[in-house]
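K.L.:
model this:
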Amino acid sequence: MSLIDNIIARAKSNRQRIVLPESLEERTITAADKALADEIADIILIGDRSEILALADRLGLKNIGKATIIDPKTSEKTEEYAQLLFQLRQKKGMTIEKAHELVMDPLYFGCLIIKSGDADGQISGALSTTGETLRPALQIIKCAPGITCVSGAMLMITQTPEFGDNGVLVMGDVAVTPMPDANQLAQIAVCTAQTAKSVAGLDPKVAMLSFSTKGSAKHEVVDKVIEATRLAKEMDPELKIDGELQADAALVPSVGKKKAPGSEIAGEANVLVVPCLEVGNIAYKLVQRLGRADAIGPILQGIARPVNDLSRGCSVDDIYKMVAITACQAMDAK
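P.N.:
Residues are numbered from 1 along each chain as shown. Prediction:
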């Protein structure tokens, strides 16, 4: 089976409860219908039941009746969720009046469902910005223990099976933190390795990328990567990681042996951690376009329960795959 087939099969094996708050967005509800038909997740839609079912009927969708549909305006849980939001945020100035207002926002309502243990993950972004997706997640669900920064990983399925794990690599951060310091970069490394394991089923071998390999160049940005590598090893002593490595030393065995002899990662890496967001975003888009690789993501990481962000230009298939990916993350988070 292909990697995507494996991800979908794993999602089917232990169905998770995934919230899709943008329930009246046509691509989203169509993807929900397919996910329900294929039984890859139990879908929770937020909104007016009659409006959702009317849209499903207009689009010819046959499975939306299998979804759990919750309307914040009529749900018996709304007051409980408003009180929860108030308790979580009152030290930040939240009033109960403001909590009652925010709980009507589907993105907030969805995160409160997850925080209460009534769902396992959420996906939005077909209509919402990244900020609108992340804000309630960070305020309500918060970061995973030991993590203070959210990042985004990209699953790269390339046409070069000699690299990575039969052509599969995971790259981070490509989506969130513009200029991480050494501690944040270490967190990104640990989180990206976890994503590679939980989503792609890889045995993570992490390369901390730079323009230098093992002291071939001296610069403060190289020092950051070296320090981040050290900190990542402290965070997860079992993690297979090395740096600083240039990209060719990380990926090509002959180059790795020459530039970093004795390294268990050089030439064998399947997880690539870049020193800043600018590098990551440019790099994955070049590989995607020039190398005709499939780029799946970004997969948000570092949140205590998975909340994923879609591109507003996403397709039905993108959303469907992200449901399966979020389900795999949710299993791992438990």
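K.L.:
distance-wise, check the nearest residue to Val150 once chain neighbours are set aside relative to Val221.
P.N.:
Closest residue to Val150 in three dimensions, ignoring its sequence neighbours and counting by CB to CB, 6 or more residues apart in numbering: Gly302, at 4.4 Å. Where you see a C-beta, it was placed from the backbone N, CA and C, and this is true even at glycine. Distance, Gly302 to Val221, by CB to CB, to the nearest Å: 22 Å.
K.L.:
with Gly313 instead?
P.N.:
Applying CB to CB to Gly313 and Val221 gives a distance of 32 Å.
K.L.:
these two - which one has more neighbours?
P.N.:
Val221 (14 against 8; other CB atoms under 10 Å).
K.L.:
the more buried one reaches Met208, doesn't it?
P.N.:
No. Judged on CB atoms under 8 Å, Val221 makes no contact with Met208 at a distance of 11.8 Å.
K.L.:
list the residues that are in contact with both of the two.
P.N.:
Residues within reach of Val221 and of Met208 at once, by CB atoms under 8 Å, 6 or more residues apart in numbering, are Pro275.
K.L.:
quick one, what contacts Lys214?
P.N.:
With contact taken as CB under 8 Å, 6+ apart, Lys214 is in contact with Glu244, Leu245, Lys259, Ala260, Ser263.
K.L.:
with neighbour count added, can I get the residues you listed in TSV?
P.N.:
Shown next, in TSV, are these (neighbours: other CB atoms under 10 Å):
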residue	neighbour count
Glu244	28
Leu245	30
Lys259	20
Ala260	23
Ser263	20
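K.L.:
what about those residues, which are in strands?
P.N.:
Glu244, Leu245 (DSSP state E).
K.L.:
which one of the contacts of Lys214 is nearest to Ala35?
P.N.:
Leu245 (38.6 Å; CB to CB).
K.L.:
wasn't Ile44 part of a strand?
P.N.:
Yes. Counting by DSSP: H, G, I helix; E, B strand; the rest coil, one finds Ile44 located in a strand.
K.L.:
bridged to it, which residues?
P.N.:
Val19, Thr68 (DSSP bridges).
K.L.:
Asp294 too?
P.N.:
Applying DSSP bridges, one finds that Asp294 bridges with Ile157.
K.L.:
so what's the residue count around it?
P.N.:
16.
K.L.:
one more: Asp332?
P.N.:
13.
K.L.:
wait, is it part of a strand?
P.N.:
No. Asp332: not assigned to a strand; according to three-state DSSP it is helix.
K.L.:
OK, contacts around the closest residue to it other than its chain neighbours?
P.N.:
In space, and not counting its chain neighbours, Asp332 is closest to Ser198: 3.6 Å by CB to CB, 6+ apart. Ser198 makes contact with Cys328, Gln329, Met331, Asp332, according to CB under 8 Å, 6+ apart.
K.L.:
Gly60: what's it in contact with?
P.N.:
Taking CB under 8 Å, 6+ apart, one finds nothing in contact with Gly60.
K.L.:
change the start of the numbering to 24 and stick with it
P.N.:
Fine by me, first position is 24 from now on; the one you just mentioned is Gly83.
K.L.:
which phi and psi does it have?
P.N.:
phi 80, psi 30 (degrees, to the nearest 10).
K.L.:
Asp340: which of the contacts of Ser221 is nearest?
P.N.:
Distances from Asp340 to these, taken by CB to CB, are shortest for Cys351, at 17.0 Å.
K.L.:
residues near the closest one, how many?
P.N.:
26.
K.L.:
my guess is it contacts Ala34. True?
P.N.:
Yes. Taking contacts as CB under 8 Å, Cys351 lies within contact range of Ala34: 6.1 Å.
K.L.:
one step back: thought the residue nearest to Val173 was touching Cys172?
P.N.:
Yes. Applying CB under 8 Å as the test, Gly325 and Cys172 come out as touching, 6.1 Å apart.
K.L.:
sec struct for Gly175, please.
P.N.:
Recorded secondary structure, Gly175: strand (three-state DSSP).
K.L.:
which residues are in contact with it?
P.N.:
Per CB under 8 Å, 6+ apart, neighbours of Gly175: Gly195, Asp196, Val197, Ala198, Val199, Gly320, Pro321, Ile322, Leu323, Gln324, Asp332.
K.L.:
which residues are in contact with Ile93?
P.N.:
So Ile93 contacts Ile67, Leu68, Ile69, Lys100, Phe132, Ile136 (CB under 8 Å, 6+ apart).
K.L.:
please name the nearest non-neighbouring residue to the last one.
P.N.:
In space, not counting the residues next to it along the chain, Ile136 is nearest to Ala142; the distance is 4.3 Å by CB to CB, 6+ apart.
K.L.:
where's the one you found relative to Pro44, distance?
P.N.:
Taken as CB to CB, the span from Ala142 to Pro44 is 11 Å.
K.L.:
right, I'll call it a day here.
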